[in-house]
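Peer 1: Let me see the structure of the following:
(one chain, ligands or ions: 1)
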Amino acid sequence: MWGNIAIAFLIAFIVSFMATPYTIKIAEKVGAVDIPKDKRRMHHRAMPKFGGPAVILGFLVSVIYLLIIMSIENSIDLFSSEDYITKLIGIFLGIIVIAITGIIDDIKTIKPLTKLAGQLLAAIIVVSFGVRIEHISVPFITETLKIDSSIISSLLTIIWIVAVTNAINLTDGLDGLSSGITLISCISLLIIFALNASPLIAIILITALIGALLGFLPFNFAPAKTFIGDTGANFLGFMLAIISILGIAKTYTAVVIVLPVIVLGLPIMDVVLAIIRRIIKGKSIKAVFQADKGHLHHKLVAKGFTQRQAVFILYGISAACGMFAIILFDSGIWKALSFLLMFIAALALGYKNFEKDKSFYKDAKHECMVCKYIYNPKVGNKKAGIEPGTSFDDLPKNWVCPVCGEGKDMFEIQE
Ligand code: FE
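Peer 2: Numbering: from 1, shown residues only. Take a look at the predicted model:
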């Protein structure tokens, strides 16, 4: 079985790695390009944002290949009592709806409510083809509850899918962030599924997703050559939500049922905070759809971290959520809590060192990650009115690279 899964991983990786450069060319032709218009965008140059189709292609080719091979080998029975074939058809149809909505959004930009309608439709399709949350629990408080009403179970599933889809979509603000966080969440889920002896179908889907993401990430990491775009971010969230449901479908342990929520803790927390923040600020439900610059990744960059550092910090937090879930599953709540405590201590220590580092490198040269322009404090930047002797930290916040126009967060210390 694991041999086949390794092949699925490789196929997804190769297809997505080979397809991504083409999506960059197509993006420029069809106008799926992010042109910086407002201050919320972190980028200052036009960026293709059509990586999604490459990731979807890698995923689908790999999954379809593997399902055919495994059916021939008789190592998976798609027509069993679980009726995976129906669920898979529903998932493929849902992906088509998500992809079409995303592609239109990437090329033309559609209204948030229209986008939500597309996500809802995709979720309803998947649910009507039999993918449903059947058990819920609040660990340590309630036992596992079976949801008897199919209406409640359908509603709950639709809410879960739409919520996770949007949560991943909202982390799509820095180079490599949404794809990397999804990748880390997938790896955590894969370990949990393997320990839990979860259904094979969930393991196949998640492996294909990991492969497709790894093939795309080299093009997406700072400084990015392409964005994953709405097509990709929506697809990633959509698949994470569904794979989580499939992976724990046969489990009745109260703790295991909430593990996906913990693994996806970072994006879920960010979306919950965003909703609360926007309602308080806008004083209306409509305000929820107004994008703002209050996300965790924005806050980190505002604190003076470079984009690459901010992304790594959030990767770390995401990995910690995953490890917490794995330890909770494997060794229980006390070991998980002590891990959490150590992680928070390490984080606090790291932050203290970061503040120290900053003053140490005060007079260091800084290099633009995009165009390799070097800011030298001894020379300054005469055209922008920056006197010689101005350290990089003291440059005004809105100062941009004189060569390519990127912001300060795209600069790294040159040692
Ligand atoms: Fe530059």
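
Peer 1: And the average pLDDT for the helix or strand containing A345 is what?
Peer 2: According to DSSP states H and E, A345 maps onto helix 333-360. Throughout helix 333-360, pLDDT has a mean value of 86.

Peer 1: Measure how far it is from the centre of its chain, please.
Peer 2: The chain centroid and the centroid of helix 333-360 are separated by 23 Å under C-alpha atoms, centre = their mean, to the nearest Å.

Peer 1: Quick one: name whatever helix or strand follows that helix.
Peer 2: strand 365-368.

Peer 1: partners of that next one, with directions?
Peer 2: In the sheet, strand 365-368 lines up against strand 374-375 (antiparallel), strand 411-414 (antiparallel) (DSSP bridges).

Peer 1: Show me which residues of this structure are close to the ion?
Peer 2: C368, V370, C371, Y373, C401, V403, C404, E406 (C-beta under 5 Å from the ion). Where you see a C-beta, it was placed from the backbone N, CA and C, and this is true even at glycine.

Peer 1: hmm, try it at 8 Å
Peer 2: Counting by C-beta under 8 Å from the ion, the chain comes close to the ion at 368-373, 401-406, 410.

Peer 1: Ramachandran angles for M47?
Peer 2: Backbone torsions of M47, given as degrees, to the nearest 10, read phi -130, psi 130.

Peer 1: Quick check, it in contact with D34.
Peer 2: Yes: with contact defined as C-beta atoms under 8 Å, M47 reaches D34; the gap is 4.5 Å.

Peer 1: anything in contact with each of the two?
Peer 2: When contacts are counted by C-beta atoms under 8 Å, 6 or more residues apart in numbering, M47 and D34 are jointly contacted by F227.

Peer 1: just for the stretch 101-250 of the chain, where's the confidence low?
Peer 2: Along the stretch 101-250 of the chain, no part satisfies pLDDT under 70.

Peer 1: In stretch 247-257, which residues are buried?
Peer 2: G247, I248, A249, T251, A254, V255, V256, I257 (16 or more other C-beta atoms under 10 Å).

Peer 1: Ok, stretch 380-398 next?
Peer 2: Those would be G380, N381, I386, T390, F392, L395, for stretch 380-398 by 16+ other C-beta under 10 Å.

Peer 1: and what of stretch 342-349?
Peer 2: Those would be F343, for stretch 342-349 by 16+ other C-beta under 10 Å.

Peer 1: and what of stretch 268-279?
Peer 2: I268, D270, V271, A274, I275, R278.

Peer 1: Would you pull up how far that stretch lies from the middle of the chain?
Peer 2: 16 Å.

Peer 1: Just flag the most distant two among the residues of the chain next to the ion.
Peer 2: M369 and P402 (14.9 Å; C-beta to C-beta).

Peer 1: Could you check which of those two has the larger neighbour count?
Peer 2: Legend: neighbour count by other C-beta atoms under 10 Å for M369 and P402, higher for M369 (21 against 15).

Peer 1: And V271, how close does it get to S331?
Peer 2: 29 Å (C-beta to C-beta, to the nearest Å).

Peer 1: For M47 and D34, work out which one has more neighbours and name it.
Peer 2: M47 (22 against 18).

Peer 1: related to what we said a few turns ago, now the buried residues of stretch 268-279 as JSON lines including secondary structure and pLDDT?
Peer 2: Output for these, formatted as JSON lines (DSSP: H, G, I helix; E, B strand; the rest coil; pLDDT from 0 to 100):
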{"residue": "I268", "secondary structure": "helix", "pLDDT": "92"}
{"residue": "D270", "secondary structure": "helix", "pLDDT": "89"}
{"residue": "V271", "secondary structure": "helix", "pLDDT": "87"}
{"residue": "A274", "secondary structure": "helix", "pLDDT": "85"}
{"residue": "I275", "secondary structure": "helix", "pLDDT": "84"}
{"residue": "R278", "secondary structure": "helix", "pLDDT": "82"}
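
Peer 1: No further queries at this time; thank you.
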